[in-house]
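Chemist: here are the coordinates; sequence isn't available:
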């Protein structure tokens, strides 16, 4: 588990990973709350879902798909992914820092 956390936090600590939403990046000792994860998911997931929507429309594979469905699925998917990976690792490190560990 420690190696997974180290790898997740290494990725999260890269400045490029936060572009252009660096203002949402917490300090290493701060919790990554559900609210922050949701904000990231809305920003990244709606963009990814919108791109998928455009690609689906261009290829003609949109039968029965509402225009809001792919952006909404992107937000949900990003939230679940971020919460289970990056936020988990970040919060594990934050708890350790807060308790005086490294």
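Modeler: Yes, it's here. This is a predicted model, so every value here is computed, not measured.
Chemist: Residues contacting stretch 63-77, please?
Modeler: Outside stretch 63-77, the residues within contact range by CB atoms under 8 Å, 6 or more residues apart in numbering are 41, 42, 44, 45, 46, 47, 48, 49, 50, 52, 53, 56. All C-beta atoms are positioned from the backbone trio N, CA, C, and that covers glycine.
Chemist: can we see that at 6 Å?
Modeler: When contacts are defined by CB atoms under 6 Å, 6 or more residues apart in numbering, stretch 63-77 is touched by residues 41, 42, 45, 46, 48, 49, 50, 52, 53.
Chemist: What are the buried residues along the least confident helix or strand in the chain by mean pLDDT?
Modeler: One helix or strand of the chain scores below all others by mean pLDDT, DSSP states H and E: helix 2-12, with a mean of 88. For helix 2-12, the neighbour count (16 or more other CB atoms under 10 Å) marks 5, 8, 9, 12 as buried.
Chemist: Who are the contact partners of the last one?
Modeler: By CB under 6 Å, 6+ apart, residue 12 lies in contact with 86, 90.
Chemist: buried sites along the helix or strand containing residue 81?
Modeler: Following DSSP states H and E, one finds residue 81 within helix 69-82. Along helix 69-82, these residues count as buried under the neighbour rule (16+ other CB under 10 Å): 70, 71, 73, 74, 75, 78, 79, 82.
Chemist: got JSON lines for the residues you listed, with pLDDT too?
Modeler: Below are these laid out as JSON lines (pLDDT from 0 to 100):
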{"residue": "70", "pLDDT": "93"}
{"residue": "71", "pLDDT": "95"}
{"residue": "73", "pLDDT": "95"}
{"residue": "74", "pLDDT": "96"}
{"residue": "75", "pLDDT": "97"}
{"residue": "78", "pLDDT": "97"}
{"residue": "79", "pLDDT": "98"}
{"residue": "82", "pLDDT": "95"}
